[in-house]
Structure formats: C-alpha cells, structure tokens
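J.: my questions concern the predicted model and sequence given below.
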Amino acid sequence: MVVVLAAALIYHNVSSALSRSHVPASFSFLGVRAGIPIAETPIRYTPNDSYGRAFLIGVLNTLKVALVGVVLASVLGVVVGVMRLSANWLLRQLANLYVETIRNTPLAVQIVFWYTAILTPLPPRILSAVRWPGGVLVSNQGIALPWPHPTLSFGAWLPYLGAAVVLAVVAYLLRRRQLLRADRPGNALAPALLVLGVVAVGGYFLAGRTPLPEGTATSFRQESGIATVYVDANGNGTLDRGERTLAYTPVEGRVAHGVLTTQTQDLSESRRIDYARFRFPPLHAGEYDDATVAFADPAKAEGLKIHFVHVPYQGIVYKDVNGNGRFDPGEELASTGPSKRGYAAELRLTVDGFRRRLVTDRTGQARIPRFTTGAPPASSGGGGGANISPAQLFAPPAPSTPSAEAPAALQATFQPSAPRPLVVSRPTIPISTYFGGITLSSNYLALLLGLVIYTASFIAEIVRGGIQAVPGGQREAAKALGLSDFQTFRLVIFPQALRIILPPMISQYLNLTKNSSLAPLAAYVELFAITTIIASQTGASVPVTIMLIGSYIVISLVFALILNAVNARLALVER
C-alpha cells in the first residue's frame, strides 16, 4: 500500500507540474502526422504517417541491429574464445591482442571509427559500385544484396508449408521414439529436416503462379524513371489515389531509344581524386542492343577523347598528348600544379533496345534510369565519341550532322508477369541510389560492426572461462575412448561448457541491445534517435521517455525470458 500510495503521489505531482507548464502529458500525439523522413524502414512508411508508426519503425530498426548482432557476436566470440586456448602460439596471441585491445577501447569510439574512417571514405561512390558474385553491390552507401520476397502466390503456398511443418514434427517424434526403443544413439533431426524440405519444395512448385488481378496496369513517369504496377479499378487508364498497387511483382522494363546526360567531375573517391571522370547509371551486357557515348557539344570538346573504365557507363575524358592512341595517366588533367583540374565536358549516352528485369518494391514501384528523348548527338573525329555494342565494345561513330527533326517520344513499356510464391529481387542502380534487393546501409553496418566486435571480446572471455571450467579428466576420458581433438571439443567439452557460458552471455546480449542507443554516432535512425525527434517536435518529453524506457524493458525481458528457458533446458537435472 505504501508503494502504491507513493506511486500515486508521484504521478499526481508530475501531472500537475506538467499541466501548469502546459507540457503535454498524454499519449494523444501518437495519432498525429509525424512528418519525419526516415531513410531505412523495414515496413512501409512515409512522412505522412503518424508518430505511432514512426515509433514502431524505431523499435523495428533496433531489433534489426540487436537480433543480427547477437548472432554474429556469438559466432565471433566463440571463435576468438577457442583461439585463446589454442595450442598454436600465433592464433593464441592474435586472440589475446583482439580481446585486450577491443575491450579497453570505448564502444562510441569504435562506432565512429567504422563509420568515418572505414565505411564512408574507402568504398567507391554509388555509380562506381563494385559488383561481387551473385549480384551483390558494394559502395559508400552500403551493401545491396539479392533478397526473396513473398508475392501474390504466397498464400497458395502456405498450406503446403503448414503440412511440411506438421510432417517434419511427426517424423522427428517417430525417429526419436525408434532410437529410444533401440537404445542406441542417432540423429532424429536429419529425417525431419529432409521431410520439411521435400514437402516445402514440392508445394512451392505445386502452388504454381497466381494470375495477376484483372485490370492490372502500369503507370510510368519519365521524369523520375518510376513505373508503378497497380490495379486500374475504374478502368480510366491512370493511377488514381486509393487504387491498389502490386508489391513484389516481376516486371520487365523496355526502352526502345533513350538518352542519358552527365558532366565530367573531379571527385574524391576511395581516398584518391579522380579527374575528368564521367559516370552514367550502370548498364551491363545483355541489358541493351547498342550504346553510344559522345560529347554533347563536339566543338567545345575538340581534341578530347574518351577512355572507358567500365563500358559503356563510366570513363575518363582526356587529350592524347603523346599521340599514342591510348590513355596515359596525367592526360586527363586540363591544368597541373597546385590547382589541378580535369577536362570539363558534357557527355551523352544513347541506348537502343534497353531491357531490364525488375521486381516492384513494397509500394508497387519499379525504377529504371531517367532516360530522355532525343536523336543521337552529332559527333566528329575530334569529338572522340565511342560506340559500344555487345559484339564490339569500342568503335568511334561515323561523322554526322545534327538532326533537324524534333526528338521522338520516349518509347517505354513495362510488362508485369504472374509470380511464383517467392520472387528474388536483385539490386540495381537506376540513379545515385540502390533499387531492389535489400540494402545494408553504411550507417547500419558501422553500428553493427561496432556492437558485434565490441561485444564479441567479452563473449570470448566468457567462452574461454567456460571451457577451462570443464574438468580436465573429461578430455582425458574422451582421448582414452579414441575421440579426435575436434570430436572431443564438439561432443564432450563444449556441451558441458555451454551450461557455464550461457548465463553470463545473456547479460552480454542485453548489453548489446541497450548499446544500440549509440546509433546516432553512425547517423542510424533507431528507437533512441526517433524518440528524441518525437520529443523535440511534440514537447511530450515525459510520455516519450516512458515509451522509450518501456520499450527497452520489454525487449530486454523477452530476450531474458527466451534465453533463460534455454538455459533451464540445458541445466543438469539433480537427483
């Protein structure tokens, strides 16, 4: 009763003080339009959504860091902890150096280091993104990965998935019962996983492709290069407010003839300066029939030539000073000395037969480069134009004269197709940003790396202590039975050490989750950053603070509940 009365007294005093100060004390602001732009949103969000939805985005972004961080920190911590006990002197010393250095460096310093010294200045700019195998793109905006998404057909696959789970559980129980009756060791999980995989994969193909809804149409905005796949409910041929858009739908975009323009620039990239470099949105082999790069004004570009770094979308403008017919370093400089600068020129990329397979995003939109209309520009030998096709990568165009005809309208078509239950969206770069797939931004990666590497140093010490706590006789008994070192560790030592390791690891997982509030150091918007913005805009600092504290308490309690249940299951049963 004393506690309840004290709480009531505090509540009365606080609410009265807030009322006298005209500070909001209720949660009514949650339904008001937020107007907060958020770059990374796991679910659909626009600035027109409410403060409540913006707060939800913050919670999801925090979980996105915490869940991935817990898994990666556990793996790294176990590896380093085992290395600390290795018989190999070099591995042991490297692990010691890692633990002693990282544990004694403030986490905030590490996050700032990853963001400002590694992930922002080292990778190339977005239009020069490195393409890794599998369609992975890497730039200073982060890493873009191909990613599967559920489609219209996913509902038809759900019954098969449910049946796969039920049959897998039945197979596991039957196999486990069989092994217990035979009183012999065995793996009951493998048959269950086999049944799960066979039924789920078979159901995927049996579910087939769900036809697109009647009235499916596309709307294209040439100025932005965005096409929207939607259901034209009223049949007027235009996308109206409230009409349904089709998310994660395969669509093929085609442009019969389009033109892109750009200027050469002197840019600092990957800690070096590139002079007279031009960059168009990347085009790859198989996406076009012919492509021509030429100077927009051949008269102003007299004597300049083009050297391609990536055909046909990236290169260097230079002057062949020594007349050897190829680009040599330094020939891209229009002036030298302290005020070095590259040649300035405008270029045009004319593409014929462009085609690209895309998957619409959660808003039903697909994006291609912002092509404009127009005939291919005039060029001359002095203009240094370059014509590229799949069969012939470099060939100067024949001299021509400017066309007197008006440019034709941009012929762009988008053809959606019926999807299977899952569709893989692959990242592309239609403008100076990623489209498609899933993007792990530099901000997110900096925060994630800082948290994982820092927390793993503490987990490594927990793992080392847990392994050393297992009696030495266990190892000797395993060796006497003829087990190898790896079998001894996997089957005897680590399972016993896990009972000792897990309880202190739970606190490290909670620390990682709470330390994610340092995200503003990497300009990543998560729970703490969003609640700070909401409090400053609404003035409801007390309700927002209560929501913030409550959210961290709930997340921490859920983590603790799950991990404590796992710990209880692993604990030895006393007789």
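T.: Done, it's in.
J.: Phe220 is in contact with Arg370, correct?
T.: No - Arg370 is not in contact with Phe220 according to CB atoms under 8 Å; the separation is 11.5 Å. The way it works is simple: take the backbone N, C-alpha and C, and place the C-beta from them, glycine included.
J.: for the chain, what are the low-confidence residue spans?
T.: The model of the chain has pLDDT under 70 over residues 374-409, 572-575.
J.: can you tell me which helix in it is longest?
T.: Longest helix in the chain by number of residues (criterion: DSSP state H): helix 51-83.
J.: who's in contact with the following helix or strand past that one?
T.: Going down the chain from helix 51-83, the next helix or strand is helix 89-103, by DSSP states H and E. In this structure, residues lying in contact with helix 89-103 by CB atoms under 8 Å, 6 or more residues apart in numbering are 80-81, 83-86, 110, 453-454, 456-458, 460-461.
J.: angle of helix 89-103 against helix 51-83?
T.: Here the directions of helix 89-103 and helix 51-83 differ by 150 degrees (axes from the mean of the first three to the mean of the last three CA atoms, to 10 degrees).
J.: distance from helix 89-103 to the middle of the chain?
T.: With CA atoms, centre = their mean, to the nearest Å as the basis, helix 89-103 stands 31 Å off its chain's centre.
J.: next, the buried residues of stretch 147-167.
T.: For stretch 147-167, the neighbour count (16 or more other CB atoms under 10 Å) marks His149, Thr151, Leu152, Ser153, Phe154, Ala156, Trp157, Tyr160, Leu161, Ala164, Leu167 as buried.
J.: go on, stretch 21-29?
T.: Across stretch 21-29, burial judged by 16+ other CB under 10 Å covers Pro24, Ala25, Phe29.
J.: and stretch 321-332, how far out from the chain's middle?
T.: 40 Å.
J.: share the number of residues neighbouring Asn48, please.
T.: A total of 9 residues lie near Asn48 under the criterion other CB atoms under 10 Å.
J.: helix or strand for it, just tell me which one.
T.: Per DSSP H and E, there is no helix or strand for Asn48.
J.: now do it against Asp320, distance only.
T.: 55 Å (CB to CB, to the nearest Å).
J.: and for Val4?
T.: Distance from Val4 to Asp320, by CB to CB: 87 Å.
J.: quick one: which of these two has more around it?
T.: Using other CB under 10 Å, the more surrounded residue of Val4 and Asp320 is Asp320, with 16 against 8.
J.: my guess is that one contacts Lys305, does it?
T.: Yes - judged on CB under 8 Å, Asp320 makes contact with Lys305 at a distance of 5.7 Å.
J.: circling back to that earlier point, need the buried residues of stretch 21-29 in CSV with distance to Pro281 and secondary structure, can you?
T.: Converted to CSV, the buried residues of stretch 21-29 look like this (distance: CB to CB, whole Å; DSSP: H, G, I helix; E, B strand; the rest coil):
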residue, distance to Pro281, secondary structure
Pro24, 46, coil
Ala25, 51, coil
Phe29, 41, helix
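J.: which SSE is Ile506 in?
T.: Going by DSSP H and E, Ile506 is part of helix 494-515.
J.: please apply the same query to Pro543.
T.: Using DSSP H and E, Pro543 sits within helix 541-570.
J.: neighbours of the closest residue to Tyr51 other than its chain neighbours, how many?
T.: In space, and not counting its chain neighbours, Tyr51 is closest to Ala34: 4.7 Å by CB to CB, 6 or more residues apart in numbering. The number of residues packed near Ala34 is 25, by other CB under 10 Å.
J.: separation between Ala34 and Ser50?
T.: Ala34 is 6 Å from Ser50, by CB to CB.
J.: now Ala207
T.: Ala207 sits 36 Å away from Ser50, going by CB to CB.
J.: all helices for the stretch 151-300 of the chain, in order.
T.: 154-182, 189-207 (DSSP state H, counting those that start in this stretch).
J.: distance to Arg271 for these - can I get that in TSV?
T.: Shown next, in TSV, are the helices of the stretch 151-300 of the chain (distance: least, CB to CB, whole Å):
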stretch	distance to Arg271
helix 154-182	45
helix 189-207	46
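J.: so which of the ones you listed gets nearest Phe354?
T.: Relative to Phe354, the nearest member of the helices of the stretch 151-300 of the chain by CB to CB is helix 154-182, separated by 30.7 Å.
J.: angle of the closest one against helix 189-207?
T.: Using the same axes, to 10 degrees, helix 154-182 lies at 160 degrees relative to helix 189-207.
J.: tell me how far helix 154-182 lies from the chain's centre.
T.: Here the centre of helix 154-182 is set off from its chain's centre by 33 Å, with CA atoms, centre = their mean.
J.: show me what that helix is packed against.
T.: Taking 3 or more CB pairs under 8 Å, 6 or more residues apart in numbering; DSSP states H and E as contact, the helices and strands that helix 154-182 lies on are helix 189-207.
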